[in-house]
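>>> Pasting a predicted model and its sequence here:
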Amino acid sequence: MDLELFSELGLSKGEQKVYAAVLGTGVATLNQVHEKTGIERRNIYDILNKLIEKGYVGYTTERGKRAYKASNPSMISNEIGKKRESLSRLEAQLPEIKSLYESYKPDISAEIYRGREGIKAILEDSLNYKSIRFIGGSWGVPNLLKYYWPRYNMRRLETGLAWYNLIRYEYRNDPLPEKRLMHVKVLPKEFSGNPVVVYIYGNKVANVSWEAEEFSFVIENKEIAQNYLRFHKYLWDNVAMPYAPEKKTIAGR
């Protein structure tokens, strides 16, 4: 039995363990619950009272001692129904929540992220869009986020997110990590040396540094994003070279 699922119904880890102990015993004393869970007796007593209040456990008293028994599982079904009903009501309010969010949203916002988790957050956000454009790409995502990349790429393909990557000159011979929905051109040597990659998607522009201490700065503003898109288009159409990696040959052949 996966006890963690009970957290969806508001049961703490201690409550989950005690409930499972009572359920697995049939009729359990405080000592039996202690033996099964290893939780201190005084804490078990408090937890049992909470489970009784929530309707998961009942008890009988014999000779002044309580014996605990799990309630009919049908009450769990009732709790799931209540949870589902509450979530449905919340879902119905999403348009109003989104409307309030948009009404107070500033024309321009900025966020700073540190570390690779911040870069992952940006990539996760990009999955909500149809395309993302890079200026100064270095294949940092597949090369430096090796364990994250396969799962992200699978979801990227599922959502139809296309990459338009203007990679730096020094990466011109690196193999493509993925050919599907992957468009690549190469910037001239003059654009090399800058460790910062620009990500453009939706109304957002992210400046991402892949140096020793990864750092990201994200600006959300329609006009700024459109200017960067025009810059990317100009480089793509007029400056960048086709991606045609040289085939490496084995010495002596």
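Perfect, thanks for sending it.

>>> what number of residues lie near residue 191?
Residue 191 has 17 neighbours, counted by other CB atoms under 10 Å. From N, CA and C alone the C-beta is placed, and that goes for glycine too.

>>> for residue 127, that is, sorry about that
Applying other CB under 10 Å, I find that residue 127 has 15 neighbouring residues.

>>> Quick check: mean pLDDT of the host helix or strand of residue 32?
Secondary structure from DSSP states H and E places residue 32 in helix 30-37. Taken as a whole, helix 30-37 has an average pLDDT of 89.

>>> How far away from the center of its chain is it?
38 Å (CA atoms, centre = their mean, to the nearest Å).

>>> Where do the strands of this protein begin and end?
Taking DSSP state E as the test, the strands found in the chain are 27-28, 57-62, 65-70, 109-114, 131-137, 162-167, 182-186, 196-201, 204-209, 215-220, 241-242.

>>> other SSEs contacting the helix holding residue 32?
Where contact means 3 or more CB pairs under 8 Å, 6 or more residues apart in numbering; DSSP states H and E, helix 30-37 is packed against helix 13-25, helix 41-54, strand 65-70.

>>> was I right about residue 174 contacting residue 137?
No: the pair residue 174 / residue 137 is not scored as a contact, 10.0 Å apart, by CB atoms under 8 Å.

>>> mind giving me the domain ranges of this protein?
Listed by automatic domain parsing, the domain ranges of the chain are 3-71, 106-242.

>>> Can you name the residues that contact residue 122?
Residues counted as contacts of residue 122 (CB atoms under 8 Å, 6 or more residues apart in numbering) are 113, 199, 206, 208, 216, 218.

>>> so which two of these are the farthest from each other?
Using CB to CB, the pair of the contacts of residue 122 lying farthest apart is 113 and 199, separated by 11.8 Å.

>>> neighbour count winner among those two?
More crowded of residue 113 and residue 199, by other CB under 10 Å: residue 199, with 24 against 18.

>>> Please tell me how far residue 205 sits from residue 237.
Remark: distance between residue 205 and residue 237 (CB to CB, to the nearest Å) = 20 Å.

>>> quick one, which of those two is more surrounded?
Neighbour tally, residue 205 and residue 237, criterion other CB under 10 Å: the higher count belongs to residue 205, 23 against 9.

>>> Which pLDDT value belongs to the more buried one?
At residue 205, pLDDT is 97.

>>> just to revisit the earlier point, the more surrounded of residue 174 and residue 137?
Comparing residue 174 with residue 137 by neighbour count (other CB under 10 Å), the higher total belongs to residue 137, at 23 against 16.

>>> That one contacts residue 165, correct?
Yes: counting by CB under 8 Å, residue 137 touches residue 165, with 4.3 Å between them.

>>> give me every residue that touches residue 8.
Taking CB under 8 Å, 6+ apart, one finds residue 83 in contact with residue 8.

>>> let's go with 10 Å and repeat that
Counting by CB atoms under 10 Å, 6 or more residues apart in numbering, residue 8 touches 79-80, 83.

>>> Residue 230 and residue 236, how far apart?
From residue 230 to residue 236 the distance is 11 Å (CB to CB).

>>> what about these two, which has more around it?
Between residue 230 and residue 236, counting by other CB under 10 Å, residue 236 is the more crowded of the two (17 against 10).

>>> give the contact list for that one.
Contact analysis of residue 236 by CB under 10 Å, 6+ apart lists 133, 135, 164-166, 183, 185, 187.

>>> neighbours around the spatially closest residue to residue 213 that is not a sequence neighbour, how many?
Among residues not flanking residue 213 along the chain, residue 114 sits closest, at 7.2 Å (CB to CB, 6 or more residues apart in numbering). For residue 114, the count of nearby residues is 11 (other CB under 10 Å).
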